[in-house]
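Colleague: here is a sequence with its predicted model. Questions after.
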Amino acid sequence: MLIDYFRQYLQEHNVDPEWAALMILLIKAEDENNVNKIEKYYAKLQKYPDNYFFEIIRAGLDCRFYGNLFKARDRFFKALDLLPESPYCYYELGYIYHLLWVPDKSRSYYEKGLINADKSHSPEELKARCLYNIAFFVITVDNEYKEARKLLKQALKHMPAYPQARQALKLIKKLENKSDSFFSKKTRSLLEKESGTQKRPVLEAHWLPTEEVSHRVLQAMIEFFYNSPQEKIKRKAPYELLLTDGNFSDIKNFFDKLPEPNLYNFYQKNAPLKSRELDYTSVYKKSGGLLNLFNPRVNSKMDKQFQELMAQNNNEEEAMKQWKETPSELWSSLPPQLVWAGGGPQEQKLFKAFLDNLNLNFNGQEFFSEGNALLKSMSYLRQWQVTPNHICNGQTPLETIIKERNEIYKHKSNLLKGQDSCFAL
């Protein structure tokens, strides 16, 4: 497939010897995993017509070295335009949407990769990996263990030396027997400790893949605090002081009564509550909580869903309503209204438990880049969030987080009745 593409590319474009030399150097740099040289030769090749091979190399760099999933996604889409039905692009898009937690899209691209696998240079391996990843969603989203077992057995026929597929078959047996975890006894005991009643500091020293993630942790913890009932204000949550009458000075008065000096200034710096809190744009400043701990930061310019709804709908109010209620791939399939609402005490408990597990499993490991550490952490989260555990009374963290955020959103939006906010009911 790739040879045919290059043959056609050379027929259609009058490239010079420099192009050929740069191509050779780019391929060599990729083989050596030399990021600086890949960047250098890719930049020099930009003066030539768009090329599928350039784009997949650059997309792979954005994904696995830098961990920038949105940039990688867009480059793989561009590569797919240049070489339609590329099984490699389909597989990589399935992987990216899995990490971004958009299950329907992820599964769809893995299925397309499976259908077109014979066009790849290693069709049997690609078929096996697509089947394995489809089985993951059949287990965790559909709870169809019989179908998942069938898919995994097919994967092993294509690639017998596939330990993850064999491990998944064992997992199905555990799930059918109501076993609650992918994790070791050591990890489960840590979870049990976390679910106890002992008091723990809000933030502890944990291994985290990047500095940006550490900022996200801090911001999420502050959001949890704002949404958690406090004894000093008669078991009300701090956000109730704000949304009841929009008086921001009440928030400061509350902080002034706490023993920690300058806590209000600290919180306002890291997760500010301002008048724009009631505006739809405030959602882009939120952490997104546990489900979005490792996701790239987003902004309004990236929200194509919002832009399309506003362009298609003459009624701005109706477009806004659709937007805030529709699951978004910017936030791990959370709708904007639940991102805006924030998490509460239950999500905070899960957040701490997950950080403990992350630390237990990754602290001390070596990674070839921050992006690599980020993707491995993200993959671990996606597995953890769909594994039932006793902290959630047998539900999955994903189910528990969505349920609590819905409750918080309903309460907040009721408080906003009569105020000028798209988040009012």
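Modeller: Cool, got the structure.

Colleague: burial check on E39, number of neighbours?
Modeller: The tally of other residues near E39 (other CB atoms under 10 Å) stands at 14. C-beta: built from backbone N, CA, C; applies to glycine.

Colleague: excluding its backbone neighbours, what's nearest it?
Modeller: With CB to CB, 6 or more residues apart in numbering as the criterion, E39 has its nearest non-adjacent residue at 7.5 Å, and that residue is L61.

Colleague: now do stretch 351-365, average pLDDT.
Modeller: Per-residue pLDDT values over stretch 351-365 give a mean of 94.

Colleague: the residue nearest to E39 belongs to a helix, doesn't it?
Modeller: Yes - with the criterion set as DSSP: H, G, I helix; E, B strand; the rest coil, the secondary structure at L61 is a helix.

Colleague: can you give the domain ranges for the protein?
Modeller: The record's domain parsing of the chain by automatic domain parsing lists 2-176, 212-415.

Colleague: now render those domains as CSV, adding distance to H206.
Modeller: Below are those laid out as CSV (distance: least, CB to CB, whole Å):
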stretch, distance to H206
domain 2-176, 18
domain 212-415, 5
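
Colleague: by mean pLDDT, show me the worst of those.
Modeller: Least confidently modelled of the domains of the chain is domain 212-415, at a mean of 86 by mean pLDDT.

Colleague: would you pull up how far it lies from the middle of the chain?
Modeller: Mean-position distance between domain 212-415 and its chain equals 13 Å (CA atoms, centre = their mean, to the nearest Å).

Colleague: got the end-to-end distance for it?
Modeller: Using CA to CA, to the nearest Å, the span of domain 212-415 from its first residue to its last is 33 Å.

Colleague: how about stretch 298-305?
Modeller: 13 Å.

Colleague: list the buried ones in it?
Modeller: Applying a neighbour-count criterion of 16 or more other CB atoms under 10 Å, the buried positions in stretch 298-305 are V298, D303, Q305.

Colleague: same thing with stretch 362-382?
Modeller: Across stretch 362-382, burial judged by 16+ other CB under 10 Å covers 362, 369-378, 380-382.

Colleague: from those residues, which single one is nearest N414?
Modeller: Among the buried residues of stretch 362-382, L381 lies closest to N414 (CB to CB), at 31.5 Å.

Colleague: quickly note the distance from A168 to G289.
Modeller: According to CB to CB, to the nearest Å, A168 and G289 sit 28 Å apart.

Colleague: those two: who's more crowded?
Modeller: For A168 and G289, the more surrounded residue by other CB under 10 Å is G289, and the numbers stand at 28 against 20.

Colleague: is it true that that one touches L350?
Modeller: No - counting by CB atoms under 8 Å, G289 stays clear of L350, with 9.2 Å between them.

Colleague: so which of the buried residues of stretch 298-305 are in helices?
Modeller: When DSSP state H is applied, those are split such that Q305 fall in helices.

Colleague: and of the buried residues of stretch 298-305, the nearest to E231?
Modeller: Checking these against E231 by CB to CB gives V298 as the nearest, at 35.2 Å.

Colleague: thinking again about what came up before, ok, the buried residues of stretch 362-382 vs I139, which is closest?
Modeller: Nearest to I139 among the buried residues of stretch 362-382: R382, at 12.3 Å, using CB to CB.

Colleague: burial count for the residue nearest to E39?
Modeller: Burial of L61 is recorded as 22 neighbouring residues (other CB under 10 Å).

Colleague: where's it relative to K232, distance?
Modeller: Relative to K232, and taking CB to CB, L61 is found at 50 Å.

Colleague: again with E212
Modeller: Going from E212 to K232 by CB to CB gives 33 Å.

Colleague: likewise E366?
Modeller: Taking CB to CB as the measure, E366 falls 46 Å from K232.

Colleague: now swap in Q322 and tell me
Modeller: Separation of Q322 from K232 (CB to CB) stands at 39 Å.

Colleague: more crowded one of those two?
Modeller: Q322 (17 against 10).

Colleague: contacts only, for the more buried one.
Modeller: Neighbouring residues of Q322 by CB atoms under 8 Å, 6 or more residues apart in numbering: L309, N313.

Colleague: list the contacts for the most centrally placed residue in the chain?
Modeller: The geometric centre of the chain, computed from its C-alpha atoms, lies nearest to L100 (CA atoms, centre = their mean), at 3.4 Å. Remark: with contacts taken as CB under 8 Å, 6+ apart, L100 is in contact with L69, R73, N295, E329, S332.

Colleague: how close does it sit to Y110?
Modeller: Counting by CB to CB, the gap from L100 to Y110 is 14 Å.

Colleague: swap in E366?
Modeller: With the distance defined as CB to CB, E366 ends up 29 Å from Y110.

Colleague: from the chain's centre, how far out does stretch 102-111 sit?
Modeller: Centroid separation for stretch 102-111 versus its chain: 14 Å, with CA atoms, centre = their mean.

Colleague: in that stretch, what counts as buried?
Modeller: In terms of neighbour count (16+ other CB under 10 Å), stretch 102-111 has its buried residues at V102, P103, K105, S106, R107, S108, Y109, Y110, E111.

Colleague: do the same with stretch 118-131
Modeller: K119, S120, E125, L126, K127, A128, R129, C130, L131.

Colleague: which of the residues you listed sits closest to Y90?
Modeller: Comparing the buried residues of stretch 118-131 against Y90 with CB to CB places C130 closest, at 8.3 Å.

Colleague: does the closest one lie in a helix or a strand, and which?
Modeller: Secondary structure from DSSP states H and E places C130 in helix 123-140.

Colleague: then L114?
Modeller: L114 is part of helix 103-115 when elements are defined by DSSP H and E.

Colleague: now A43
Modeller: Using DSSP H and E, A43 sits within helix 35-45.

Colleague: what packs against that helix?
Modeller: Counting contacts by 3 or more CB pairs under 8 Å, 6 or more residues apart in numbering; DSSP states H and E, helix 35-45 is packed against helix 17-31, helix 52-60.

Colleague: can you tell me which of the buried residues of stretch 102-111 lies nearest to I24?
Modeller: Using CB to CB, the buried residues of stretch 102-111 come closest to I24 at Y109, 31.0 Å.

Colleague: the closest one and P87 touch, don't they?
Modeller: No - with contact defined as CB under 8 Å, Y109 does not count as touching P87 (10.2 Å).

Colleague: right, and L374 touches L69 too?
Modeller: No - with contact defined as CB under 8 Å, L374 and L69 do not form a contacting pair (9.1 Å).
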